[in-house]
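Participant: 3D, please:
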Amino acid sequence: MFKINLNNMQFHAHIGVLPEEKKVGQTIQVDLQVKVSSKPKDDKLSSTVSYADFYPIIKKIVAESPVNLIETLAQRIIDGIDNEDDRIKKVKVKIRKLNLPVDGVFDNVEIEMNN
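Facilitator: Residues are numbered from 1 along each chain as shown. Predicted structure coming up:
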């Protein structure tokens, strides 16, 4: 078993409960960790899971998911990645909202979910 990590993928998303979040949108960052149960035997991509397939899946989910909660988006990403290949055994997603309409000084808000 091994892990594949994709870090700091950035997307523009319309996620949030407040009307301005839905209208204007905001930048989010997504980290993905996938545990894969396979051993590449012959140095061919077909013997493992391709990390190149993950970004387009996440991009599509973000584009088609104007949700209220980043937890909902995280679950949709987990489901989408998990369904991609039977050799995927565990999916962990972190999502960060960078620009928040909250009165305070901080870099971001982040949630982490896994299956």
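Participant: most remote residue from the chain's center?
Facilitator: In the chain, the residue that sits farthest from the middle, by C-alpha atoms, centre = their mean, is Asp42; the gap is 29.6 Å.
Participant: that residue - that's part of a strand, no?
Facilitator: No: under DSSP: H, G, I helix; E, B strand; the rest coil, Asp42 sits outside any strand and is assigned coil.
Participant: and it, what is it in contact with?
Facilitator: Listed by C-beta atoms under 8 Å, 6 or more residues apart in numbering, the contact set of Asp42 is empty. Yep, even glycine has a C-beta here, placed from its N, CA and C like the rest.
Participant: cool, and Val36?
Facilitator: Val36 makes contact with Met1, Phe2, Lys3, Ile4, Thr48, Val49, Asp85, Arg87, Ile88, Lys89, according to C-beta under 8 Å, 6+ apart.
Participant: buried subset of the residues you listed as a ChimeraX selection?
Facilitator: Of those, the buried ones can be selected in ChimeraX as follows, counting by 16 or more other C-beta atoms under 10 Å:
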select :4,48,49,85,88
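Participant: list just the nearest of the contacts of Val36 to Asp79.
Facilitator: Ile88 (11.3 Å; C-beta to C-beta).
Participant: residues making contact with stretch 102-115?
Facilitator: 29, 70-71, 74-75, 78, 82, 90-98, 100.
Participant: what's the lengthiest helix in the chain in contact with?
Facilitator: If you go by DSSP state H, the chain has its longest helix at helix 70-82. Contact with helix 70-82 is made by 13, 15, 28, 30, 32, 34, 54, 57-58, 60-62, 65, 67, 88, 91, 93, 95, 97, 109, 111-115, as judged by C-beta under 8 Å, 6+ apart.
Participant: just the buried members of the contacts of stretch 102-115?
Facilitator: Gln29, Ile70, Ala74, Ile78, Val91, Lys92, Val93, Lys94, Ile95, Arg96, Lys97.
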